[in-house]
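J.: 3D, please:
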Amino acid sequence: MSSHRAAVPQLSSPTSVDPPPTHHDILAVLLPLLAALFAALLSGTVAIPALPAVTAELGGGSVGLTWIITVALLANATTTPVWGSISDRYDTRLLVQAALLTLTAGSVISACAPALSVLLAGRVVHGVGLGGVVAVTVAVLGALIPPREQGRYAGYGAVVMAVSMAGGPLLGGALVDTPLGWRACFLVPAVPAGVALVALRRRLKSRPRSSSDARVDWAGAVLLTAGVTLVLVWVSSGGSRLSWPQVGYLVVGGVLLVAALAVERRTPVPVVPVDLLGQRTVACALITSVSSGFAFYATLSFLSEYFQAVRHHTATATGILLTPLVFGLASSSYTSGRLIARSGRWKALLVAGSVLQVAGCAMLACADGNTAPWWIELAVLLLGLGIGVLLQNLVTLVQNAVAPERFGAAGAAVFFFRLIGAAVGLPLLAATVPPHGEGTDRVFLLLAVLSVVGLVAVALLPNQRLRTSLATAEEPSR
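T.: Presented below is the predicted three-dimensional model:
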């Protein structure tokens, strides 16, 4: 079963001199990867409207609700760089299949959880799998499609994003309001994950192991994971408790992160590409990624609680009310990608997206229990439009600034910082604002300030044209 289409040159070697893949070649790889991405994105959104029902049955309150999201983000964030690093050297088909199986296992554990602690453990497993699906997908597509051409295929991703992220809350809310209850929400992603596994086995060809002798940076991965975890345990208390256990978490976590930084500087192929952080394009893109990622996840988390606790909407209604966020995100991601593919110019679009993100957060900061629904929905739409311009295009910019053999690690770094920002920020906000949706205005005031920081970072990005080939990376501006 071999053909010239099956052997996509860029999948075996990003620097290959073989002819570039045709549109048909790209679709043959893209479609099964999008099926995997659909399962991953659906798993992250379908349970959002169910979280109040989960904590009502298993306990935990507002802090427990936030940690259901946070532990998955933490596992996702800390393992994404590892997945990205190994995807540059190992068979990506096996890696994405392993990631899908891990994601499914985490979903099943969460659905069957008899206690909050077990559910949190399931969410950790789920986060590891989610990180793998996203990181490996980004690595494969980055090595297959030149940066400027990626916008042409962003429409496929935008459709998947819209269906999974808009349909997820709607489906989750509907399931919660039926006898099936919240547990069914965690089982839903297993269906598309199974379809993706079959499709990947048939369509995504195995890639030979890289000839590089560099080993996976397991020491850096372990130190980074342990350090971030301990700091997050401290952050979950609001960073305000000075008892010895809390101080110990912070101190030991800080020491481990310093050790991780030292290891990353010495290793030939680090999990987090520290050497790239000095590049202006990479540094500014990562700052913006933290801002946009934090704004997105905080909006999903705190608005879900606001709609149900303050506005007294059902879980189904909450899913509907969150639809403008995802519609805006998907539509602007698709449109901006197509525009960038045509012209190669991106700066004005990213600045506009950052401005919309600031505007949406500022409008929500003015909302309370009596605010007109149209004001809130307009703010949510603007926020989605702004974030949608930024998310995938930031990955493209970073990959445009590095050599092809580092696409996986560079793309994973964007997701790592985006998720770390959310993982640190969500428990900190939950511990410092009033419970039951009463502090939503304060949450979005803080998000508006952070969004301004992201806007400044976008303004400082070097206005380079995107490359039209995968042969070499342009010399990045500093």
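
J.: could you give me the average pLDDT of the helix or strand hosting residue 426?
T.: In the assignment (DSSP states H and E), residue 426 maps to helix 407-432. For helix 407-432, mean pLDDT rounds to 74.

J.: Next, report how far the very next helix or strand once past that helix is displaced from the centre of its chain.
T.: Sequence-wise, the next helix or strand downstream of helix 407-432 (DSSP H and E) is helix 440-459. Counting by Cα atoms, centre = their mean, to the nearest Å, helix 440-459 is centred 18 Å from the centre of its parent chain.

J.: With stretch 139-146 instead?
T.: Its chain's C-alpha centre and that of stretch 139-146 lie 18 Å apart, by Cα atoms, centre = their mean.

J.: Please renumber the chain so that the first residue is 33 from this point on.
T.: Yes, from this point I'll number from 33; that puts the last item at stretch 171-178.

J.: all strands of the stretch 233-382 of the chain, in order?
T.: Counting by DSSP state E, counting those that start in this stretch, one finds no strands in the stretch 233-382 of the chain.

J.: low-scoring stretches of it, by residue?
T.: Within the stretch 233-382 of the chain, the segments meeting pLDDT under 70 span 238-247, 268-277.

J.: Residue 327 contacts residue 481, correct?
T.: No - the criterion here is Cβ atoms under 8 Å, and residue 327 misses it with residue 481 at 11.0 Å. C-betas here are computed from N, CA, C, even on glycine.

J.: Name the residue in those two with the higher neighbour count.
T.: residue 327 (28 against 14; other Cβ atoms under 10 Å).

J.: Could you pull up the residues touching the more buried one?
T.: Residue 327 makes contacts with 389, 393, 415, 419, 479, 482-483, as judged by Cβ atoms under 8 Å, 6 or more residues apart in numbering.

J.: re earlier: could you say what helices and strands the helix holding residue 458 packs with?
T.: Packing contacts for helix 439-464, counted by 3 or more Cβ pairs under 8 Å, 6 or more residues apart in numbering; DSSP states H and E, involve helix 93-119, helix 148-176, helix 250-267, helix 312-337, helix 405-432.

J.: between the ones you listed, which gets nearest to residue 225?
T.: In terms of Cβ to Cβ, the element of these nearest to residue 225 is helix 148-176, at 8.7 Å.

J.: and that closest one, what's its mean pLDDT?
T.: For helix 148-176, mean pLDDT rounds to 85.

J.: List the buried residues for that helix?
T.: For helix 148-176, a neighbour-count test (16 or more other Cβ atoms under 10 Å) marks 148, 151-176 as buried.

J.: what's the answer for stretch 252-259, then?
T.: Neighbour-count burial for stretch 252-259, counted by 16+ other Cβ under 10 Å, picks out 252-259.

J.: Same check on stretch 471-485?
T.: Within stretch 471-485, the residues that count as buried by 16+ other Cβ under 10 Å are 471-473, 475-480, 482-484.

J.: circling back: with distance to residue 199 added, can I get the helices and strands packed on helix 439-464 in JSON lines?
T.: JSON lines is the format used below for the helices and strands packed on helix 439-464 (distance: least, Cβ to Cβ, whole Å):
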{"stretch": "helix 93-119", "distance to residue 199": "19"}
{"stretch": "helix 148-176", "distance to residue 199": "17"}
{"stretch": "helix 250-267", "distance to residue 199": "30"}
{"stretch": "helix 312-337", "distance to residue 199": "14"}
{"stretch": "helix 405-432", "distance to residue 199": "15"}
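
J.: Tell me, how many residues neighbour residue 344?
T.: With other Cβ under 10 Å as criterion, residue 344 counts 9.

J.: Now do it against residue 350, distance only.
T.: Going from residue 344 to residue 350 by Cβ to Cβ, to the nearest Å gives 10 Å.

J.: same deal with residue 281?
T.: For residue 281, the distance to residue 350 - Cβ to Cβ - is 34 Å.

J.: Settle it for me: which of these two has more neighbours?
T.: A side-by-side neighbour count of residue 281 and residue 350, using other Cβ under 10 Å, places residue 350 first with 26 against 20.

J.: Looks like that one contacts residue 201 (just checking).
T.: Yes - under the criterion of Cβ under 8 Å, residue 350 makes contact with residue 201 at 7.0 Å.

J.: Pull up the overlap in contacts between those two.
T.: In terms of Cβ under 8 Å, 6+ apart, residue 350 and residue 201 are both contacted by the residues residue 81.

J.: Pull the number of nearby residues for residue 405.
T.: Summarising burial for residue 405: neighbours were counted as other Cβ under 10 Å, giving 10.

J.: And it, what's its pLDDT?
T.: 86.

J.: The residue nearest the centre of the chain - nearest residue in space that isn't next to it in sequence?
T.: By Cα atoms, centre = their mean, the mean C-alpha position of the chain lies nearest to residue 447, the distance being 5.4 Å. Of all residues not flanking residue 447 in the chain, residue 112 sits nearest, at 4.9 Å (Cβ to Cβ, 6 or more residues apart in numbering).

J.: Would you confirm that that neighbour contacts residue 446?
T.: No - Residue 112 lies out of contact with residue 446 (Cβ under 8 Å); the separation is 9.3 Å.

J.: Looking at those two, which is more packed in?
T.: Neighbour count, other Cβ under 10 Å: between residue 112 and residue 446, residue 112 has more, with 32 against 27.

J.: just to revisit the earlier point, buried residues, the helix holding residue 458. List them.
T.: 439-463.

J.: Repeat that for stretch 404-416.
T.: For stretch 404-416, a neighbour-count test (16+ other Cβ under 10 Å) marks 408, 410-416 as buried.

J.: Just the CA atoms of it, as CSV, please.
T.: Output of stretch 404-416 as CSV, limited to C-alpha atoms (Å, rounded to 0.1, in the frame of the first residue of the first chain):
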residue,chain,number,x,y,z
ALA,A,404,-28.0,43.8,30.0
PRO,A,405,-27.5,40.4,28.4
TRP,A,406,-26.6,42.0,25.0
TRP,A,407,-23.7,43.8,26.6
ILE,A,408,-22.2,40.6,28.0
GLU,A,409,-22.7,38.6,24.8
LEU,A,410,-21.1,41.4,22.7
ALA,A,411,-18.1,41.5,25.1
VAL,A,412,-17.8,37.7,24.9
LEU,A,413,-17.9,37.9,21.0
LEU,A,414,-15.3,40.6,20.9
LEU,A,415,-13.1,38.6,23.2
GLY,A,416,-13.4,35.5,21.1
